[in-house]
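> Predicted coordinates and the sequence they were generated for:
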Amino acid sequence: MPEYQMTLTNRQSIVRDTMAFWFDANGARYEFRAGQHADFVSGSESDNSRTFSLARSPLDKDSIMIAIRMRKTAFKSELKTAALGTKFIVSRPRGSFTLHRDITRPAVFLAGGIGISPIRSILRSAIQEHLTHKLYLFYSNRKADDAAFIDSRGHVHCCPGPSVSCVS
Ligand SMILES: Cc1cc2nc3c(=O)[nH]c(=O)nc-3n(C[C@H](O)[C@H](O)[C@H](O)COP(=O)(O)OP(=O)(O)OC[C@H]3O[C@@H](n4cnc5c(N)ncnc54)[C@H](O)[C@@H]3O)c2cc1C
């Protein structure tokens, strides 16, 4: 299975108990389709791997980003404290949760919590590619503070177009 050595370049808290992490592919071409995910292996233990959705659009070529609901579990604690510059092994992208090509069929997304990540990637890339699908997102969280990638107007940060209904 092709793997990529990537460098942790940045991390940021985005909403309560949720952090985003950016990785650079060090010049390698890392191509994926919006909505896909990959396995991330920490440098210290080769079997310490977790799967995360790729939350950026494939057209945001400078780095990949994942968003994680943080818990005090081993992998996430390591990710939270790793020095910027730490190397991680990332698998090739996988998954078929991608936007259909037929623009006459609308897409309705139902997301809860951090499940917004692959949808954020799909919406952002749809906007960037000027796709004309009708896109609807229903995004549920326990509290409004837990809603990642949503601005104060209830829009997905990167995507002013699609309607967003937040259900609390
Ligand atoms: C396709 C896919 C995409 C995903 N995308 C994302 C994403 O974008 N963002 C995201 O945050 N997550 C995502 N996940 C989930 C992610 O891969 C992790 O499984 C999840 O975050 C839990 O990982 P962890 O390291 O916190 O917990 P783990 O250490 O794997 O533990 C899992 C659970 O078992 C419990 N546990 C661990 N060890 C023990 C023990 N010894 N005894 C009893 N209980 C124990 C933990 O408390 C925890 O509740 C995705 C998963 C899949 C399959």
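Perfect, I can see it now.

> Quick check: mean pLDDT of the longest strand along the chain?
Secondary structure of the chain per DSSP state E: the longest strand is strand 3-15. Across strand 3-15, the average pLDDT comes to 95.

> Output the below-cut-off pLDDT ranges for the chain.
1, 43-47, 158-168 (pLDDT under 70).

> change it to 80
1-2, 43-47, 151-168 (pLDDT under 80).

> Centroid-nearest residue for it?
With distances taken as CA atoms, centre = their mean, Ala55 lies nearest the centre of the chain, 1.8 Å away.

> Contact partners for the nearest residue to that residue once chain neighbours are set aside?
Nearest residue to Ala55, sequence neighbours excluded (CB to CB, 6 or more residues apart in numbering): Ser117, at 4.2 Å. Every C-beta, even on glycine, is put in place using the N, C-alpha and C of the backbone. Applying CB atoms under 8 Å, 6 or more residues apart in numbering, we find Ser117 in contact with 52-55, 66-67, 148.

> can you check Ser91 too?
Ser91 sits next to 1-4, 38-41 when contact means CB under 8 Å, 6+ apart.
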